[in-house]
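In: With the sequence up front, the predicted model follows.
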Amino acid sequence: MISLERVTKTYPKASRPSLDDVSVSIEKGEFVFFIGPSGSGKSTFIKLLLREIQPTRGGIFVNGREVGAMRSWKIPNFRRSIGCVFQDFRLLPNRTAYENVAFALEVIGKSKAVARRVVPEVLELVGLGGKEHRYPHELSGGEQQRVAVARAFVNRPLILLADEPTGNLDPDTSIEIMRLLDRINRTGTTVVMVTHDSNIVNQMRRRVVEIDTGRIVRDQPRGVYG
Amino acid sequence: MRAKYVLNEVALGLWRNVTMTIAMIITMAVSLTMLGASVLLFWQVNNMREFFYDKIEVSIFLKSDVTEAQRTALDTALKEDPLVQEYDHESKEEAYEKFQTMFRDAPDLVNSVKPESLPEAFRVKLKNPEQYKDAYDKYIAYAGISEIVDQQRLLGKIFGILGALQKMALVIAIVQGAAALLLVANTIQVAAYSKRREVAVMKLVGAGNWFIQAPFVLEAVFAGLIGSIFSYAALVLAKIFLIDGSLKPLTELLTPVPWRNIHIMLPLLALAGGAVNAVTGWVTLRFYIRV
C-alpha cells in the first residue's frame, strides 16, 4: 500500500537530513503508529506521502504509483485517495459541521445530491448525529476532530493519515478519537498515525515505527511507546 | 453545479473587497482608454499618410526669365530620373486657372493677381515621398529654378504632432497598465489570503488546480472586462464631444475618424484587458501564492 525505499529528505539550508535513508513498508489495512520526539522527521514523512514535498533521494510508492515521479496535474486526483486529519482540525470556521464535510465533496465535483446522501451518514458514523448544523466554535475539541475525521473519510479514501490527531485533546477525548480511527481501520482503510502520545500507543497495541533524527530505530508489531 | 460554485465565489470575492475591485476597474479603464486612443491615433496617422502621400507633390517653381533650353534640360532630367513617378508641367496660364478655382470665393484676390505674376512650375510626384531630400539636392543645382517646395514638409509637422500624441497616449497606457497589473496582482494576493483556509482544505482533499485558481483568475478577468467597457464608453464620448464636437474645425482638416474604428475597440480592449488580467492572475497564483 505504502512503501518508502531508501528515502532521504534534506531541506535546503538544513545541517542534517530530516529523513535519512528510510525504508519502510505498510500493508493494506494496517494501523501504524509513527512515534518519535519533535523534529525527528515524522511530519516530513506525512508531507512526503501527500506529495507536498519531494524527496531528495529514494522512491515513495503509494498504491503502486511512484509519488515523486507523478506529474503535478495528477496530484489532486492522487490526494483524493488519501484522507488527512491534523492536530489543529483545520475546519472552516464559517461553515457548519455538515457544510465542512460537504465542502470536501463539492470541491472535487460531487453533486449536492450526493452530499445530502453521504454527509449525514458519515457524521452519524463519527458520532455527530444531531449536531450537523453546529458551527466549529459551538463544538468541543473532540467533536471538532470528529468533524475533521468525517471530512477525511467521507470520500472513502484507501489511506487515512493522522498527524498528531489527539495533540489538542484531553486523554478521555483522545481515547474516543482513537476508537473512531480504529473503527475506520476495520473498514479496511489503512491508517497511519503520527503521535507522541504514549498512553494511546500503549493502549492500542498496534505496529509501532519509531523515528529518531531521521532514522528508523524500531519497527515492531503490537508495540508500545517504550 | 461547479460553474455555479465558481461564479458564486467570484461575485463573493469581488464584493468582499469592493474598494480594491473599484480601484482595479478604474486603473484598468484609464489604461485601456489610453491604449485605445493610441491605437486610434496610430491608425489615423497611417491612414493620413496614405491619403496624403497619394497627393503629395514636389513643386519646382521656375524663374520668370527661364529660357527654353533650361526648361528642356529640366524636362529631360525629370523624364529620366528613377526617383520620379510622374510629373506635369504647369504653365503660368494653368497656374492661374488653378488659382482661380482654388480662391473662387475671394474674387477680389483673384482680380488682383495677373496670370504673369504666378510662377511656372513642374509638379513632380516621387516614387517614394521620403526621398524628397535627394530630389531637392539634385534639382536645386539646375539653372532657372527659383524654389523647390515639398508639401510633405508641411504635412510632416502635422504627422509629428499626431505621432507625439500617439506616443504620449501609449506611454500613459503603459504606465497606467503597470499600475493596473500591480493592483490586480495585489488584489489576488489579498483574495487568496482571505481564503487561505478554504484553499488549504481544497488542496488537501484533492480539488483540481484550475478549480482552486479559477475564482481568483476570473475576478481579475471580470475587472478587465468591466474596465474595457468603461474605456469603450470613454472613446465613444471622446468621438462625440471632442472629435465631432469642440475639435471639429481641426479634425475636418484631417481624415475623419470613422465610427467603425471606435466600435472595433470594444472587442479589442476587452480581449486585451481580459487576457492580460488572466495571465497576471494566473502568474500571481502560481509563483507568488503557490496555490
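Out: Great, that's in hand. Residues are numbered from 1 along each chain as shown, chains lettered A, B, ... in the order given.

In: Domain parsing of chain A, as residue ranges.
Out: Following automatic domain parsing, one gets these domains for chain A: A:1-81+A:159-226, A:91-156.

In: which one of these is the most hemmed in?
Out: The highest average neighbour count among these, using mean count of other Cβ atoms under 10 Å in any protein chain shown, belongs to domain A:91-156 at a mean of 19. Where you see a C-beta, it was placed from the backbone N, CA and C, and this is true even at glycine.

In: coming back round to it: is it possible to get TSV of the domains of chain A that adds mean pLDDT and distance to chain B?
Out: Below are the domains of chain A laid out as TSV (pLDDT from 0 to 100; distance: least, Cβ to the nearest Cβ, whole Å):
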stretch	mean pLDDT	distance to chain B
domain A:1-81+A:159-226	92	4
domain A:91-156	94	4
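
In: how about a markdown table for the ones you listed, with distance to B:V217 added?
Out: Formatted as a markdown table, the domains of chain A follow (distance: least, Cβ to Cβ, whole Å):
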| stretch | distance to B:V217 |
| --- | --- |
| domain A:1-81+A:159-226 | 16 |
| domain A:91-156 | 16 |
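
In: Quick check: which element contains the residue lying closest to B:A238 once chain neighbours are set aside?
Out: Spatially, and ignoring its direct neighbours in sequence, B:A238 is nearest to B:A37 (7.3 Å; Cβ to Cβ, 6 or more residues apart in numbering or on different chains). With secondary structure defined by DSSP states H and E, B:A37 is part of helix B:18-55.

In: helices and strands around that helix, which ones?
Out: On a contact count with 3 or more Cβ pairs under 8 Å, 6 or more residues apart in numbering or on different chains; DSSP states H and E, helix B:18-55 meets helix B:151-194, helix B:209-238, helix B:259-283.

In: which parts of the helix or strand that that helix is followed by are buried?
Out: Per DSSP H and E, helix B:18-55 leads on to strand B:58-62 as the next helix or strand towards the C-terminus. For strand B:58-62, a neighbour-count test (16 or more other Cβ atoms under 10 Å in any protein chain shown) marks B:V58, B:I60, B:F61, B:L62 as buried.

In: If you tally nearby residues, what's the number for the closest residue to the last one other than its chain neighbours?
Out: Going back to what we said before, that points to B:L62. Leaving out its chain neighbours, the residue that sits closest to B:L62 by Cβ to Cβ, 6+ apart is B:E120, at 4.6 Å. Per other Cβ atoms under 10 Å in any protein chain shown, the neighbour tally for B:E120 reads 20.

In: thinking again about what came up before, chain center to the helix holding B:A37: distance?
Out: Once both centres are worked out by Cα atoms, centre = their mean, to the nearest Å, helix B:18-55 turns out to sit 7 Å from its chain's centre.

In: can the buried residues of strand B:58-62 go into JSON lines with extra columns for distance to B:Q70 and pLDDT?
Out: Shown next, in JSON lines, are these (distance: Cβ to Cβ, whole Å; pLDDT from 0 to 100):
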{"residue": "B:V58", "distance to B:Q70": "18", "pLDDT": "81"}
{"residue": "B:I60", "distance to B:Q70": "12", "pLDDT": "84"}
{"residue": "B:F61", "distance to B:Q70": "13", "pLDDT": "85"}
{"residue": "B:L62", "distance to B:Q70": "8", "pLDDT": "84"}
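
In: what's the most distant pair in these?
Out: Taking Cβ to Cβ, the two most distant members of the buried residues of strand B:58-62 are B:V58 and B:L62; they sit 13.5 Å apart.

In: Okay, domains of chain B per the record?
Out: Split by automatic domain parsing, chain B gives B:2-52+B:156-289, B:64-143.

In: Packed most tightly, which of these would that be?
Out: By mean count of other Cβ under 10 Å, these have domain B:2-52+B:156-289 as the most buried, with a mean of 18.

In: Just checking the distance from that one to the centre of its chain.
Out: Counting by Cα atoms, centre = their mean, domain B:2-52+B:156-289 comes out at 18 Å from the chain centroid.

In: Would you verify that A:G59 is located in a strand?
Out: Yes - membership of A:G59 in a strand is supported by DSSP: H, G, I helix; E, B strand; the rest coil.

In: didn't it look like it was pressed against A:E5?
Out: Yes - the criterion here is Cβ atoms under 8 Å, and A:G59 meets it with A:E5 at 4.4 Å.

In: now do the same end-to-end measure for stretch B:79-91.
Out: 18 Å (Cα to Cα, to the nearest Å).

In: should've said stretch B:241-261
Out: For stretch B:241-261, the separation between the terminal residues is 16 Å (Cα to Cα).

In: So what touches it?
Out: B:L40, B:W43, B:Q44, B:N47, B:M48, B:F51, B:I158, B:L162, B:K239 (Cβ atoms under 8 Å, 6 or more residues apart in numbering or on different chains).

In: Spell out the secondary structure type for A:V192.
Out: strand.

In: I figured it hits A:I35, correct?
Out: No - judged on Cβ under 8 Å, A:V192 makes no contact with A:I35 at a distance of 11.9 Å.

In: Thanks again, I'm all set now.
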